[in-house]
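**Student:** coords please:
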Amino acid sequence: MFKTIFSITSKLRILPINRHFTTTITIRMSKETISYTNAKLGSLPTKAATIPDNILDAFSLKGKVASVTGSSGGIGWAVAEGYAQAGADVAIWYNSHPADDKAEYLTKTYGVKSKAYKCNVTDFQDVEKVVKQIELDFGTIDIFVANAGVAWTEGPEIDVKGVDKWNKVVDVDLNSVYYCAHVVGPIFRKKGKGSFIFTASMSASIVNVPQLQAAYNAAKAGVKHLSKSLSVEWAPFARVNSVSPGYIATHLSEFADPDVKSKWLQLTPLGREAKPRELVGAYLYLASDAASYTTGADLAVDGGYTVV
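**Tutor:** The predicted structure follows:
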């Protein structure tokens, strides 16, 4: 898209007899390139990010504030600790499992500021209240990981009575992450920068077997596309990406019996579940300046499951 700019200058000349004047008008035409995807980016090209000469320095999170939902255990805790190791101050979110001891551990072990916040992420007003408190306590938020989630353990959808089980999964896995984005987005816009990371799932791209989990798959597909959509909307001021884990050895997979897990391993090229810490590198990359040109991406960390 091009916008034409007219520049007009005038010069006044007074004649000695009739005092008529002439005006000389100069028209200069130039072309300014404006984004088709988001006009709020302004004139293109945009300014490139400044990256440290040493690439390892680009992965540092020193001086940044990270907030991670669902971080009292599992993937969320591994990410929270990884961010603290990289130098970030960390706000931990929990609901049913208090995490004040984990915040204290991060502070004592890594010398960063950390605090735990109780929040029901399916309650928009509660999310809004906690985010505002974190901003007040830490001064800002630079990195936000929307990670809270629950599994579907009810089997075939058609055999489940009513919609309560469906609503629970969709509320936690999809609606809650939107609530977080809706509240955090204005903070990033005010700052002019930020990194928002969704925890999606390989289930956003495939249909899991042998267990049947339509609600979970649908919710995570929504998360993945919400991430891509916001990456365009927020391009003038923030980066938005998602991570899609495969089978990870956390409490979310405890519902599966040994026969089911055996089939999981048969379908996974690397032949095993991952440890939560094996995902931290993906989250660190997306949070850091090393990912300054990465937005709208979905990083699959699934042992190769989605390629076969």
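
**Student:** the helices in the stretch 101-250 of the chain, which residues?
**Tutor:** Secondary structure of the stretch 101-250 of the chain (DSSP state H, counting those that start in this stretch): helices at 124-138, 164-170, 176-191, 214-233.

**Student:** which of the ones you listed sits closest to Leu284?
**Tutor:** Closest approach to Leu284 among those is made by helix 214-233 (17.4 Å; CB to CB). From N, CA and C alone the C-beta is placed, and that goes for glycine too.

**Student:** would you reformat the helices of the stretch 101-250 of the chain as JSON lines and include distance to Ala290, mean pLDDT and mean neighbour count?
**Tutor:** Putting the helices of the stretch 101-250 of the chain into JSON lines (distance: least, CB to CB, whole Å; pLDDT from 0 to 100; neighbours: other CB atoms under 10 Å) gives the following:
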{"stretch": "helix 124-138", "distance to Ala290": "23", "mean pLDDT": "98", "mean neighbour count": "16"}
{"stretch": "helix 164-170", "distance to Ala290": "34", "mean pLDDT": "97", "mean neighbour count": "16"}
{"stretch": "helix 176-191", "distance to Ala290": "19", "mean pLDDT": "98", "mean neighbour count": "20"}
{"stretch": "helix 214-233", "distance to Ala290": "17", "mean pLDDT": "98", "mean neighbour count": "20"}
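
**Student:** make a markdown table out of the ones you listed and add distance to Phe144.
**Tutor:** Compiled in a markdown table, the helices of the stretch 101-250 of the chain are given as follows (distance: least, CB to CB, whole Å):
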| stretch | distance to Phe144 |
| --- | --- |
| helix 124-138 | 9 |
| helix 164-170 | 21 |
| helix 176-191 | 5 |
| helix 214-233 | 12 |
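
**Student:** which pLDDT value goes with the residue lying closest to Asp171 once chain neighbours are set aside?
**Tutor:** By the measure of CB to CB, 6 or more residues apart in numbering, the closest residue to Asp171 outside its immediate chain neighbours is Thr122, 4.4 Å from it. Per-residue confidence (pLDDT) for Thr122: 98.

**Student:** Asn38 too?
**Tutor:** At Asn38, the predicted lDDT confidence score is 86.

**Student:** the nearest residue to it once chain neighbours are set aside: neighbour count?
**Tutor:** Leaving aside its chain neighbours, Asn38 sits nearest to Ala235 (5.1 Å; criterion: CB to CB, 6+ apart). Close neighbours of Ala235, defined as other CB atoms under 10 Å, add up to 18.

**Student:** kindly report the same for the one 10 residues further on.
**Tutor:** For Pro245, the count of nearby residues is 27 (other CB under 10 Å).

**Student:** adjust the sequence numbering to begin at 567 for everything that follows.
**Tutor:** Right, with 567 as the first residue, what we last looked at is Pro811.

**Student:** beta partners for it?
**Tutor:** Each beta-bridge partner of Pro811 is listed here, defined by DSSP bridges: Val867.

**Student:** just checking, it touches Met768?
**Tutor:** Yes: applying CB atoms under 8 Å, one finds Pro811 in contact with Met768, separated by 6.8 Å.

**Student:** quick check: neighbours shared by these two?
**Tutor:** For the pair Pro811 and Met768, residues contacting each of them under the criterion CB atoms under 8 Å, 6 or more residues apart in numbering are Asp868.

**Student:** ok, now how distant is the closest residue to Gly862 other than its chain neighbours from Asp655?
**Tutor:** In space, not counting the residues next to it along the chain, Gly862 is nearest to Ser797; the distance is 3.5 Å by CB to CB, 6+ apart. Distance of Ser797 to Asp655, computed by CB to CB, to the nearest Å: 25 Å.

**Student:** and if you look at Leu836?
**Tutor:** Plainly put, Leu836 is 34 Å away from Asp655 if you go by CB to CB.

**Student:** now swap in Ala856 and tell me
**Tutor:** Using CB to CB, which is the criterion applied here, Ala856 is 19 Å from Asp655.

**Student:** same deal with Thr635?
**Tutor:** Spatial separation of Thr635 from Asp655 under the definition CB to CB is 16 Å.

**Student:** name the spans of the protein whose pLDDT lies under the cut-off.
**Tutor:** Within the chain, the stretches falling below the threshold (pLDDT under 70) are 567-596.

**Student:** quick one: residues contacting the residue nearest to the spatial centre of the chain.
**Tutor:** Nearest residue to the geometric centre of the chain (CA atoms, centre = their mean): Ile763, 1.8 Å. Contact analysis of Ile763 by CB under 8 Å, 6+ apart lists 709-712, 806-809, 849, 852-853.

**Student:** count of residues packed around Ala646?
**Tutor:** Residue crowding around Ala646 was assessed by other CB under 10 Å; the count is 32.

**Student:** show me what contacts the residue lying closest to Cys685 once chain neighbours are set aside?
**Tutor:** Spatial nearest neighbour of Cys685, excluding adjacent residues (CB to CB, 6+ apart): Val696 at 4.4 Å. Contacts for Val696 were tallied using CB under 8 Å, 6+ apart; they are 659, 683-685.
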